[in-house]
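Q: Give the three-dimensional model of this entry:
(2 chains)
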Amino acid sequence: MKTFYITTTLPYVNADPHIGFAFELVSADIIARYKKLQGYEVFFNTGTDEHGTKVLQKATEEGKDPQVYTDEYAEKFKQLKEPLGLLPDIHFIRTTDKQHVQAVQEFWKRCSASGDIYKKNYRVQYCVGCELEKTDSELENGRCPIHPNLTLQTIEEENYFFRLSKYQEKLLALFERTGFMVPAFRLNEVRSLIKEKGLEDFSISRLASKMPWGVLVPGDSEHVMYVWFDALVNYISTIGWPSDMVTFEKWWPVVQFAGKDQVRQQAVMWQAMLMSAGIAPSKQIVIHGFITNGGQKMSKSLGNVVDPLTLVKEYGTDALRWYLARHLHPFEDSDFTLEKFKEGYNADLANGIGNLTSRIMKMAADNLSAPVTLPESSILKEFPECFERYEIQQSAMLIASKVTSLDVRIQETQPFKLVKQDKEKGIALIQELVGGLSGIARMLEPILPMTSKKIQMLVETNRMPTEPLFPRK
RNA sequence: GUCGAGGUAGCUCAACGGUGGAGCAGGCGUUUCAUAAGCGCCCGGUUGUGGGUUCGACUCCCACCCUCGACACCA
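A: Predicted structure coming up:
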């Protein structure tokens, strides 16, 4: 059987799940479901990234043991499955899982054996005000934004480094592979950067005395692995590497979904790490954009983070999935507002799919003596092509246009009248419409699985819905 | 600053150099199978600005203005 392995990134557990991650999960889920329908055996992975400074910090703030803290958070993310309508057999890995930790240590050893890990002094900048280490991106004009009046201290410590520089040429060669990254312009960005600036080795450990919440470096208990190194390995540990190589070989390589802030980590660091460990690169990396809120960046500090679960509670799972699929650009940033969400819901779902189902199935229930037996209705041929290119929005738009064309067909042929004048012709027409509706249901399967099933059930039992599929809001 | 993408109808976006389109929103009309839903029509744009090439430019060239993204450990 053909196999297909797809994964999201693992969200870091220092904040509640937000709509951006829901977008990533649902997008990957739609592709996973599509592949299943195409006859593939599918492995769909997600999980939580649980080690590192920020988690330790958050746990300490809340007066919790980090393990307890991460257990709670992992549960929160696991519980997205139902409300987001994810495949029931989705795999959920935690970077604190024993099997993962062992895999990471083995992975380290492989890289080390390749001569790609070495010790070097590492300079960190330290803000006395925050009593925290600061990364360059956290600084403004070389100063801590919270304590701009204090001079940062430079602390040196010995860290392990990964020999990223060694893989520059190999990475560039990998990037030549067409379709390695979708959309291509993301790859062009890194490619030109590598060519201009080159790649420097990066630090992959921290002192355990300062930051104990991580995977121990094999053979050196004074060091803990930097959370990047640890987390990336999940993509192979989740499918059994290295203990179950049969399973691993069955699924690898992977199609990865990730946000645009992940390009470097997923396309450069992770691919180099795989090369070092002697493992084939990922199959494909698909980079999506961010969701803004009324044009503004969503962030905790701005307090404008959209909670996907609130939307699900009011509108339902498939309503959220529809919005994510139909109204967000797959690769660019898109804006979210409640008004737009509601507008889209009413236009596409209540007035569109929901209403069409009601009107067709009412005619069917009233006039057909038996459920329509369905010939293999043909699906628009552009439809699968959209998914192959990860153009989920396009596929949703095709469905919407199909809905409109059926509405027009009803208007033009007036089967509700015809059936009174020429019963035979009227019935034939209604059967045709039911067939069309069923075709829509089939196209909806990967995107709105529950709605698809509901419509198919109505067709099979020749009934109109007892209540609207999507009540108007 | 360097590199990249883009600025088109109120909003979101389409348009191989050949009379600027769609969806949503808004207005009018109309059908009754349907969720005050549907369908039709209308409204709506000197295509960022200024030059140039061309018989002809949203589309090519130059300049300028503006917006957004990337620029390494943001986990």
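Q: For the stretch 251-400 of chain A, which residue gets nearest to RNA strand B?
A: Residue of the stretch 251-400 of chain A nearest RNA strand B, by CB to the nearest atom of the strand: residue A:354 (1.6 Å). Bear in mind the C-beta positions are built from the backbone N, C-alpha and C, glycine included.
Q: That residue belongs to a helix?
A: Yes - using DSSP: H, G, I helix; E, B strand; the rest coil, the secondary structure at residue A:354 is a helix.
Q: residue contacts, it?
A: For residue A:354, the contact set (CB atoms under 8 Å, 6 or more residues apart in numbering) comprises A:468, A:469, A:470, A:471.
Q: Excluding residues flanking it in the chain, which one is nearest the first one?
A: Counting by CB to CB, 6 or more residues apart in numbering, residue A:354 is the residue found nearest to residue A:468 once chain neighbours are left out, at 5.4 Å.
Q: Over to the last one?
A: Taking CB to CB, 6+ apart as the measure, residue A:471 lies nearest to residue A:350, with 6.7 Å between them; neighbours along the chain are not counted.
Q: Just give me the neighbour total for the one you found.
A: 18 (other CB atoms under 10 Å).
Q: next one: residue A:7
A: Residue A:7, neighbours per other CB under 10 Å, totals 25.
Q: and it, what are its bridge partners?
A: Judged by DSSP bridges, the bridge partners of residue A:7 are residue A:45, residue A:256.
Q: Leaving out chain neighbours, which residue sits closest to residue A:121?
A: Nearest to residue A:121 is residue A:156, by CB to CB, 6+ apart, at 5.1 Å.
Q: now swap in residue A:351 and tell me
A: residue A:472 (7.4 Å).
Q: just residue A:118 next, same as before
A: Per CB to CB, 6+ apart, closest to residue A:118 is residue A:161, 5.7 Å.
Q: which SS class is the one you found?
A: Assignment for residue A:161 (three-state DSSP): strand.
Q: I'd say it and residue A:120 touch.
A: Yes - look at residue A:161 against residue A:120 with CB atoms under 8 Å: they come within range, at 4.9 Å.
Q: For these two, indicate the residue with more neighbours.
A: Counted by other CB under 10 Å, residue A:161 and residue A:120 do not tie: residue A:161 has more neighbours, with 20 against 10.
Q: Run through the residues that contact that one.
A: Neighbours of residue A:161 in contact, by CB under 8 Å, 6+ apart: A:117, A:118, A:119, A:120, A:122, A:201, A:202, A:203, A:204.
Q: Mark which of these are buried, thanks.
A: If you count burial by 16 or more other CB atoms under 10 Å, the buried members of the contacts of residue A:161 come out as A:117, A:122, A:201, A:202, A:203, A:204.
Q: taking the residues you listed one by one, which sit in helices?
A: Counting by DSSP state H, these place none of their members in helices.
Q: Among the residues you listed, show me the least confident.
A: Among the buried ones among the contacts of residue A:161, residue A:122 carries the lowest pLDDT, at 79.
Q: Who are the contact partners of it?
A: Applying CB under 8 Å, 6+ apart to residue A:122 gives the contacts A:156, A:157, A:158, A:159, A:161, A:203.
Q: For the closest residue to it other than its chain neighbours, give me its contacts.
A: Closest residue to residue A:122 apart from its sequence neighbours, by CB to CB, 6+ apart: residue A:159 at 3.8 Å. Residue A:159 is in contact with A:119, A:120, A:121, A:122, A:203, A:204, A:205, A:206, A:207, A:223, counting by CB under 8 Å, 6+ apart.
Q: Please apply the same query to residue A:167.
A: With CB under 8 Å, 6+ apart, residue A:167 has these contacts: A:199, A:271, A:272, A:275, A:276.
Q: so which strand or helix has the nearest residue to residue A:418 once chain neighbours are set aside?
A: In space, and not counting its chain neighbours, residue A:418 is closest to residue A:426: 4.1 Å by CB to CB, 6+ apart. Assigned by DSSP states H and E, residue A:426 belongs to helix A:423-444.
Q: residues near residue A:335, how many?
A: Residue A:335, neighbours per other CB under 10 Å, totals 15.
Q: out of the contacts of residue A:159, who's near RNA strand B?
A: residue A:203 (CB under 7 Å from any atom of the strand).
Q: pLDDT check: weakest of the contacts of residue A:159?
A: Where pLDDT dips furthest among these: residue A:122, at 79.
Q: Which parts of the stretch 301-450 of chain A are strands?
A: For the stretch 301-450 of chain A, the strands defined by DSSP state E, counting those that start in this stretch occupy A:334-336.
Q: So which residues on it come close to RNA strand B?
A: So the stretch 301-450 of chain A meets RNA strand B at A:329, A:332-335, A:340, A:343, A:346-347, A:349-355, A:357-360, A:362-363, A:404, A:407-408, A:410-411, A:414, A:416-417 (CB under 7 Å from any atom of the strand).
Q: buried subset of those?
A: A:334, A:346, A:349-350, A:352-355, A:357-360, A:363, A:407, A:410, A:416.
Q: residue contacts, residue A:102?
A: Contacts of residue A:102 by CB under 8 Å, 6+ apart are residue A:243.
Q: for residue A:93, that is, sorry about that
A: Contacts of residue A:93 by CB under 8 Å, 6+ apart are A:10, A:45, A:46, A:47, A:48, A:100, A:234, A:237, A:238.
Q: tally of neighbours for the residue nearest to it when sequence neighbours are not counted?
A: Distance criterion CB to CB, 6+ apart; nearest residue to residue A:93, sequence neighbours excluded, is residue A:47 at 3.7 Å. Applying other CB under 10 Å, we find 26 residues neighbouring residue A:47.
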